[in-house]
Structures are given as structure tokens and as C-alpha cells.
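Novice: Quick check, what structure comes out for this input:
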Amino acid sequence: MRKPRITIIERDPAKAGAMDGALKACGYAVSGRLGSGRGLAAHCRKCRPDLLIIGEGAEVPGVGPEGDRLRLGKKNIPLLRWPPFSGKKAKGWPAGTGLSPEALTGMRDLVKAVESRLDAGGKEDMAAIHRAHYLNSRDVLFVLDRDLAIAAASPSVERVLGYRPEALESVRTRLDSFVPPGQGAGLRRLFRAALAGRETGQVICDARTRDGGSRTLEISTGSLMGTGAGRMLAVSARDITEWQRLSEAVRQSESKYRALVEATDTGYVILDGQGRVLDANREYLRLTGHRSLDSVIGRHVAEWTAPHDQERNRTEVRKCLRRGSVRMLELDYVHPDGTMVPIEINATVVESDAGPQIVSTCRDISRRRDVETALRDSERQYRRLVQSQGEGIGIVDQSERFVFANPAAEEIFGVAPGGLIGRGLREFTTPEQYAEAVRQTGLRRQDVKSTYELGIKRRDGQVRRLLVTSTPQRDRQGRFTGTFGIFRDITEWKRAEDALRASEQHYRAVVETSLDAIIFSDLAGRVVAANQRAADLQGVADPSQLVGMNVYEFIAPEDRPRAAENARKVLSGKPVERVEYRMLRRDGSVIDCELGAALLPGAGGRPAGFVAVVRDVTERKRAEHALRESEERLRFLGDNMPGIFFYQMDTGEDGRSRKFTYISDGVEKTHETTAAAALEDPQRIYGTICEEHRTLLAEKEAAAIAEMKPFSAEARLALPSGGTRWMQYISIPQREPGKHLWDGIGIDITERKQAEKALRESEEKYRTLINQASDGIMLMPVDGTGFTVNESFARMHGYGSPAEMERLRLKDLDTPETARLIPERLKRMINGESLRFEVEHHHRDGHSFPLQVSCSVVRIGEQSYFLGFHQDITGRKRLEREILEIGDRVQFQIGHDLHDGINQLLTVISLRIGALQQKMREGRLPEEAELAVLSEIARQTMGQVSALARGLSPLSLKSGGMSMGLAELAKSTSALGVQCRASVDDSVDFSDLARATHLYRIAQEAVNNALKHSGAGLIEISLFREEGNTVLAVSDDGRGLAGGAKPGGMGLNIMRYRAGMIGAELEIGPGREGGTVVRCVFHSPSVRERKKGG
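Specialist: Numbering: from 1, shown residues only. From the prediction side, this is the model:
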């Protein structure tokens, strides 16, 4: 046992030493000696003393003259004030004692005072603990005498039984008087055993309350008090009424869920991790062909699986355990009598105490495999409620650290004895739960008691829920020191509530989400509840509209007697399964339904009503009828459609043998044999197939069986009559036990094959014709993805064959000038125009050459193409250029001859006339006037000849460049009475005389057209740079192009030709403010660019 630790606060070191020696001699541990109260808080945190002795004159912060406890750190430490000593030294005493004999006597008194103070403090603490437990416990605590009369009762008896404690104590009421006579004997035996000192257990009984009600109590005995005739017994009574109600509710919920499972037509089975059956419902027994659950329990599900599915079933069990679930698994079950039933299985792995288990739902899909989908039910689980008992008592200080805990509290928190002292709630709670505990402590500071729930996590990982009843703790001065709490482990109660809630939610979810109508009725057949599907089935908006109606109102009159008989069977304990009725809807219409019914258990196991699961099978009936009609129509079609026959063939288990099980009469027209003969001998069909196609057909059949996929094959037949026919066989394999079945169709494709052959021959003819054409032909999709050309197109571009141009694109052939104009032309052709234009293409050796193109959009099948015919006009262009150059040279020569020959002679004549005129003027001859007229005529003739010479040969192009030539053109035009202006950008370079000549002629022709046709008052000639191009523009303010007419005539054609000669584009259109504008645009480097390039 730990020795009490004592700290001494004394200013006199001698007195402090004497106290230290006396206390140690009596077995106490002195944790320290302090001269004053300074540093006391740090000392207490380190040494944790159980008592403080304060000497005379010592001052301790926070303690008044009458104070008997000190609040330091996390403890209330008791105080002992000791009277002063005389302090006189006695002669002859041993050195160092410094005390008189009276002082030694005082030391003995000190030791006795310390013992008394420590004992009183401990008893006060334990008494306070027991008193708080008695006053605040949620259980009723009784003290009984030997006659079982109540000598004392805790305050909680008023909450549980409705009696005030003093009322029971005053009349000495016997405790067994509150319980029924049949339960009193067991209670008295428990009390007598406890009074005799024998080990006792617990008794659960019903107790009558003051208001006439009843509560269920769990009564246990405690310790004995007193001796002899005055011996008394402590008894604890716990109210477990709510726990009992929860347990009964969970049991009834599980019974309802079990009844619902038994009433459905879905088989349920629970397997262990090896695939052995643990539990199953009646429907599953029916699906397996067994009569009792004992006949399948412990057996592997593969035992009633068809042989061809047994290994797959075992594999799927292992896969389910590995993946957690299996969905839409189809297997065949075999009954003991050999009946085979196809089953659809959905399985889910759930964890249980015994390990992983597989919960499976199984549906008989034999009646709706091809016409409806399976309904899957949610998996279910069984839950158990565990109720633990025991209360924990603890005290925490203001910092939520335990300063006291009883063994029950330590058991709840999962620590060893004494392991809670000094530890905080924070270690056992989440941040959110700890915040709630701190908030509750705030209420305790306000002297408020409360009961609340707290979640903790034990060291072993368990999470527990506690119901905590808290009371504030205060010292004698009324200061808050901590919280007294009673802990009740309600984890199992919470689990029971969650299980009930989950079970009800599961039950409600199953009912509300079921694709079947579910109806609950009482024993008289009146509806008490239904799901939404039941309302939909009856044609009403809400299930509440069905409540109160009799279920027989839903059944057609002719089926009601049979329904009443089935209800009597259910009442006798025989569930009804898969019974078909004609059901009446609220609108009077009749539908076909399938019904299963079972009893609903009530209180005490007595039947409370019926639960019925109703499924609308109208669509299934219709589908089955439609399927039969479809099969009949298919047979009729196969027997009567020309060129087609239907067949079904069995190729055996290995897929090699062949035997027709059905063949339509159409085979007589396609294979020149009868259906009966083909059924008898398959070679009547296979023998007509030519050898190479027979081998191909066999290979495709083998591949289709291996992959279980449809196949299609074409074959040529040699008919008995000597003719030839082509057939296409399309077939679908199906694997069945011991055989492979093929459902197929044979189609006569002879005419298609003949048409394909004729098409190939026609394509070959056209391909030969196109390749022999002299023009180059190109076919290009409108999206520009590649093109197709003939051999002439490839040759004119320097390629040996069209195949060498397959990877080229149109942009690889066009020169930059041509590529710039292509987008606009393509757009016009897409809009429906057929164009004829000239382009330049790159030759394979790198040079460019001109082509004339005639192009339009054509549609081939579902796609549009550009179709272009190309002619190489290199020779024509060369001849045209030579003819134009010859004309320019002739004009230049004529102009030169006019200027240097005739004009010179006219000049001499003018001078001679002038001299003669001067002589006649001096001689005053009358002929002088006539000579003056002749002189004027000569002058005018010289001017006209000069103008004609300039027009035929613009000599200024050589001497002054383009700027001077256009200026002279403007000047000569203005002389004709129409104002004309010319402007030339200095950056335009025209060192090429041939290009300058062509451009001058274009400007000259544009001005002449404006003078002749526009009636203009102003003509403007401009030469400038625009976006990297050189532009010549001639504009006038005349009448313009009337009605949007397109310009034509020889002069304009010559202008376009000259523009083409220099690689320019000629544009003629209306001006912005009226009149006409002629623009000639071509790419030409500027003066600066030419200089920069060298």
C-alpha cells in the first residue's frame, strides 16, 4: 500500500526538520519542505502530496485563516495547521536537535493529528460517493429487513413505481407485495438465500405501479448490513420494461420478415463458405425437388445441379466468395425424379460470427426465360440483441480526468483495476464526443444535473455507448471541483434500437420497392396495408385508397370460391404458392395475376392476418401467346416464301454429326429435294455444296460452336438438274445437354451474285474507258480527303501510274497563285455552278505548267465529289503568248515609223510653209492667208501622228517607266474632254518591260471602255500595293453595270488574257459610290523587297 505523502510549509528550518523526522519515524513519506507558499503549485504537480502541514506564520496563496482544504492542480488537498513551538534550545541536547522536551511531546501530538486528519478526509470522500450514488442512481435501491419490509428506498422509486420513498418507509411495505402472486415465491427464495449468505443471481418480475400500470424489473441482492435479528439486506431493482419492449418488437419484425420470405415465390438459401446449405425457404425446397429442410441442410448445392453445370456452380461459389457477389447466374437444377428446372441465381456474401456466408435468391425461369426478366430480392440478415448489465461510478475533475472509479466503471472502459485514475475522457472519446462532455461539464458548473449519452472507444477497439447521469461536485466552500457520474452501458440497447429500425426499414424497403403487389389483410380479408405496386395494379393513385376494402373485391366472381378455399388452406398452416386468378381493376378491366399467400403471426404466436404477394402476368400471357403465333407465322413464312427455307439442325455433342430436326418446304425450290428427303438424309443438302465451299462451311461451323456465336457463309450449289445456284446460310448455335442445336435460314442469292458479276464487268469497262481518255480526270470528295485520277492525269504530271499519286493531296499540285483562288471556286461549285478555268500545277520534276479545267460537283451514292477534266495547255499558251508579242512588236514598229518617218517629214513641210509664209507677209501677197491655213493643218496633222505613235508604242515605258506612261495616258484622255487623273505608288517595281507593257495595255483598254460606254465625267487610274500584291485600278463615275449585268466583249477578253499572261486576276464590278471599277491584282515584290533580295 502506498504511504501517504506529506508536504511541510514552515519558515523555521529547525521546526521543519523536527516535523520531518517525527513523520518519517511513523512511516509517512515527506514529499518536501517549503519555507513559504511560493512554488507550491509546481511542487504539487510533481510530488502529488496527500496532506499539507502549515506552520505558524506561513502564508499559502488561495487559503484563508479558516480554510481546511487547498485546491491546487487537479486535487483538493487537506490542510493541517500546527501550533507554534517555543524554539528555545536546551542545554545538553544532542547537537542539531534544537528542541526542548516539551517540543518532543508536541511531535507525538503532531503525528496523531496527521493520522486523524487523513482518516477524516478519506471517510468524508467515501461517504460523499455513497450518498451521491444512492441519490442519483437510475436503479431503485432498497434496504429490507428480515421480513422483506422496506426500511429505506432511493428517490428513483418514485420515477419507476410512482411511490414517494417516505410513504413506503413509513408503513413498512413488503417488496413482494408489488409483484403478482405467481412471481412472489421466486422473489422470496432469492431474498432468503441472500439473508443466509448464499450466492444469489437475479430475478425478473412484473411490478405494479401506483397508477395501476406495470413495469418489468430485474432484481438483484447486494450486501448484508448488521448482525443477528437486526440484519438487513440491500436490494437493487432495475427497470427493463423498455428493453423487453424492444426485444419483443424485434422478434415480431423478424417473424413478419420470415413470413414475407416464405410467402414469396423466390427461393432463398444461405450457404456457408464451402457451398453447403445452412438455411432455405419452402420455395427453394420446391426448386430443388426436396420436401423437407433436413434433406438439404449440410449438403453442397452442386448435388442437385445438372451434371453439365456442376463444375460451373462450384466455380461460381468460389468466385462469389472472392468477389463478394454473383449476379444473373443461370443454372439447371435436377429433381430426384429427373425433372430439370432452369434457375436464375443472385448471391451476395455477408459476414457473420461463423465466417463468410452466401445469401442466394433463386427463381424458376422455365416459364419466362425468353419473355421476362427475373425479379431480384434484397438479401436479408438475422440480427441478435445482446443486453449487458452493470453500472459504473466515477468522479472527474474540472479537466475531465478521473479521480475516482469503481470496478464496474473500469470494466466498462476496458482498463485494469486502478487504470482510470489520472486519465482523461479525451483518451476514450472522439473530438465530437469530448466536446459534448465538456459542454455537459459547463452545465455542471451552473449546478445543473443531466442525463446524456456518450460514446467511448476502449483500448481493445470496442466502441461502447454509455448513458451518463451527472451531478456536480463541490467542496465545503461551495466551489465546483468536478462531476460525479453514473455510467450505464447501453450499447446493446442502442444496437437493439438500430436493429429494430434497420429491420423495419428493410421490411418497408422490400415492400415498397417490390415489383410485385404486396397486400396485408386481417383474418376477415379486409385490407390493412398495401404497397404502391398494389395501388398501381388496382388503378388507384395511393395505397391508402385500398385500406378497408375486402380482398375478394379484387378477384373475378368466377374465381372467388377457389380463393376462399385457398384462404382456408392458409389458415390451416399451408401457404399458397403461384396460384393464378383473374383480377378486377377499379375501372372494370380484368388482368391475369399470380398470387402467393401466407399467415402473418401476431402476439403470442396467434395468426394476425394474411400477407399476399400478387404479380401481374398479363404481359407474360400475351408474350407466350404472341410467341406461339410468331412461331406459326415463321413456319408459314418458311414454307411459302420463294428462295428462302428455314431449318433446325442437331450436330450432336461433338458438333460433327448432322441431322435436320426441321426443314421448311422452301428447300424444294432451292435444293431440288423435298423436306422429308432432307430430314431423312442430310446429304441431300450438304451433297449439293461444291467441295471448296463445303470445307469453308465446316470451318465456320466449328468456329461458331467454339465461340457460341452466329455465323454466315455463302456457298455454290451443283443441283441435281445440272444447274448452279448460290446460297447464303445464316445460323445461330445453342448448346443444350448432349447436343448442339442450330436455328438457321437459307437464302437464294443467285441473282445477287449474277448482278455483282455484271457490275464488276461494267466497272472494268468504264475503268478501261477512263484510263484510255486523253484528258486527265480527277475525282475528289468534297471534304478534300485524297483524290482518284486516271492514267492521263498521272502522265501529264510526270508520274508513271495513278497508284504513285495515291498519297498526294490537291495542295501538293497547286502553285501558290492557284491555291489562293481554289477555295472560292470550290464554294461556287458546291453551290451548283459548273466552272471552266485555268490553273497551274507542279510537275513531278519541279516545273509548273498550265491546265484548263472543266469541273462540277457530282453525287455518287451517298457522297458528293468534284469531277474535273484537265487539258495541258502549255503549247497553246506558248502560241498565244508569241502571237501577242508579235502584235506588240508590229504596233511598236508602226509607232516608231510614224514618229521617226512621217512625223519628221511633216515637220519639214511645216517649217517650209512657215518660211514661205514669212516671205509672203513681207511681200504682202494675198496668198499669205492660205499658207497660214496650210500651216495650221500641218501642225494638227503632226499632233495626231504623234498621238497615234504614242498609242501604238508607249515609248515612255522605256524612258520614264510605268509612272510616266500612265501620266501620259491620263493627259491624252483629259485632252478628249473627260477629266482623268493617274497616281502611282513609289514602292511598285516595274523593271520587267513585258509585264509593264501588258499592264499599260490593260489600263489603256479600261480607259477606252469608260470613254465609250460609261458617260463618265471623271476617270481615275491608280497603281499601288495592297496586302503583298500589286493592284492596278481604273474607276469612273459613269453609269456602271446596268442591272448587275456581267461585262463581256472582245476588249474585256483581251484584258483578261493579258492579266493571265502576267499571272494576275482581273476583277470588274461596281464602285462604292457608283460607276465601274476594273482591278488587276497580281503578286509582285516591292522596290524595297527587290533591293533587299540583292
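Novice: which residues in the stretch 801-950 of the chain form helices?
Specialist: According to DSSP state H, counting those that start in this stretch, the stretch 801-950 of the chain carries its helices in the segments 810-813, 816-830, 874-897, 903-923, 928-952.
Novice: Adjacent strands (with direction) for the helix or strand encompassing residue 150?
Specialist: Assigning secondary structure by DSSP states H and E places residue 150 in strand 150-153. Note on strand 150-153: by DSSP bridges, its sheet partners are strand 140-144 (antiparallel).
Novice: Please identify the buried residues of stretch 146-162?
Specialist: Within stretch 146-162, the residues that qualify as buried by neighbour count (16 or more other Cβ atoms under 10 Å) are 148, 149, 150, 153, 154, 156, 157, 158, 160, 161. C-beta: built from backbone N, CA, C; applies to glycine.
Novice: Same check on stretch 528-544?
Specialist: Within stretch 528-544, the residues scored as buried using 16+ other Cβ under 10 Å are 529, 530, 531, 532, 533, 534, 535, 537, 538, 540, 543.
Novice: Then stretch 303-313?
Specialist: Residues of stretch 303-313 classed as buried by neighbour count (16+ other Cβ under 10 Å): 304, 305, 306, 309, 310, 312, 313.
Novice: Of those, which is the nearest to residue 1073?
Specialist: Proximity of the buried residues of stretch 303-313 to residue 1073 (Cβ to Cβ) peaks at residue 312, which lies at 90.0 Å.
Novice: Find the residue closest to the closest one in space, skipping its chain neighbours.
Specialist: The spatially closest residue to residue 312, leaving aside those adjacent along the chain, is residue 331, at 7.2 Å (Cβ to Cβ, 6 or more residues apart in numbering).
Novice: Ends of stretch 156-165, what's the gap?
Specialist: Between the opening and closing residues of stretch 156-165 there is a gap of 9 Å (Cα to Cα, to the nearest Å).
Novice: what's the spacing between it and its chain's center?
Specialist: Taking Cα atoms, centre = their mean, to the nearest Å, one finds the center of stretch 156-165 at 59 Å from the center of the full chain.
Novice: List the contacts of that stretch.
Specialist: Outside of stretch 156-165, the residues that reach it under the criterion Cβ atoms under 8 Å, 6 or more residues apart in numbering are 137-142, 152-155, 168, 178, 207-211, 215, 217, 237, 239.
Novice: these two touch, right, residue 317 and residue 311?
Specialist: No - under the criterion of Cβ atoms under 8 Å, residue 317 makes no contact with residue 311, lying 10.9 Å away.
Novice: The closest residue in space to residue 1073 that isn't next to it in sequence and residue 158, how far apart?
Specialist: Closest residue to residue 1073 in three dimensions, ignoring its sequence neighbours and counting by Cβ to Cβ, 6+ apart: residue 1037, at 7.5 Å. For residue 1037, the distance to residue 158 under the criterion Cβ to Cβ, to the nearest Å works out to 118 Å.
Novice: With residue 287 instead?
Specialist: When residue 287 is compared with residue 158 (using Cβ to Cβ), they lie 60 Å apart.
Novice: just to revisit the earlier point, so is the residue nearest to residue 312 in a helix, a strand, or just coil?
Specialist: In three-state terms, and counting by DSSP: H, G, I helix; E, B strand; the rest coil, residue 331 is strand.
Novice: pLDDT-wise, which helix or strand of this protein ranks last?
Specialist: Among the helical and strand segments of the chain, the one scoring lowest on mean pLDDT, DSSP states H and E is helix 1087-1092, with a mean of 46.
Novice: Quick check: bridge partners of the residue lying closest to residue 868 once chain neighbours are set aside?
Specialist: With Cβ to Cβ, 6+ apart as the criterion, residue 868 has its nearest non-adjacent residue at 4.0 Å, and that residue is residue 855. Applying DSSP bridges to residue 855 yields these beta-bridge partners: residue 835, residue 868.
Novice: Residue 855: what's it in contact with?
Specialist: The neighbourhood of residue 855, defined by Cβ under 8 Å, 6+ apart, consists of 825, 829, 834, 835, 836, 837, 866, 867, 868, 869.
Novice: Which helix or strand lies directly C-terminal to the helix or strand encompassing residue 32?
Specialist: Element membership for residue 32, per DSSP H and E: strand 29-34. Using DSSP H and E, the helix or strand that follows strand 29-34 in sequence is helix 40-47.
Novice: Could you name the helices and strands sitting against the next helix or strand after that following helix?
Specialist: Toward the C-terminal end, the helix or strand that comes next after helix 40-47 (DSSP H and E) is strand 51-54. Taking 3 or more Cβ pairs under 8 Å, 6 or more residues apart in numbering; DSSP states H and E as contact, the helices and strands that strand 51-54 lies on are strand 5-9, strand 75-81, helix 101-136.
Novice: Just the angle for the second one relative to helix 40-47, thanks.
Specialist: Note on geometry: by axes from the mean of the first three to the mean of the last three Cα atoms, to 10 degrees, strand 75-81 and helix 40-47 are set 110 degrees apart in direction.
Novice: Strands - which of the buried residues of stretch 528-544 land there?
Specialist: For the buried residues of stretch 528-544, membership in strands holds for 529, 530, with DSSP state E as the criterion.
Novice: got the contact list for residue 764?
Specialist: With Cβ under 8 Å, 6+ apart, residue 764 has no contacts at all.
Novice: Please identify the helix or strand for it.
Specialist: Using DSSP H and E, residue 764 falls within helix 750-772.
Novice: Identify all contacting residues around the helix or strand that that helix is followed by.
Specialist: Scanning the chain past helix 750-772 towards its C-terminal end, the next helix or strand to appear is strand 776-781 (assignment: DSSP H and E). Residues lying outside strand 776-781 but in contact with it, judged by Cβ under 8 Å, 6+ apart, are 770, 786-790, 792-794, 796-797, 810, 851, 863-872.
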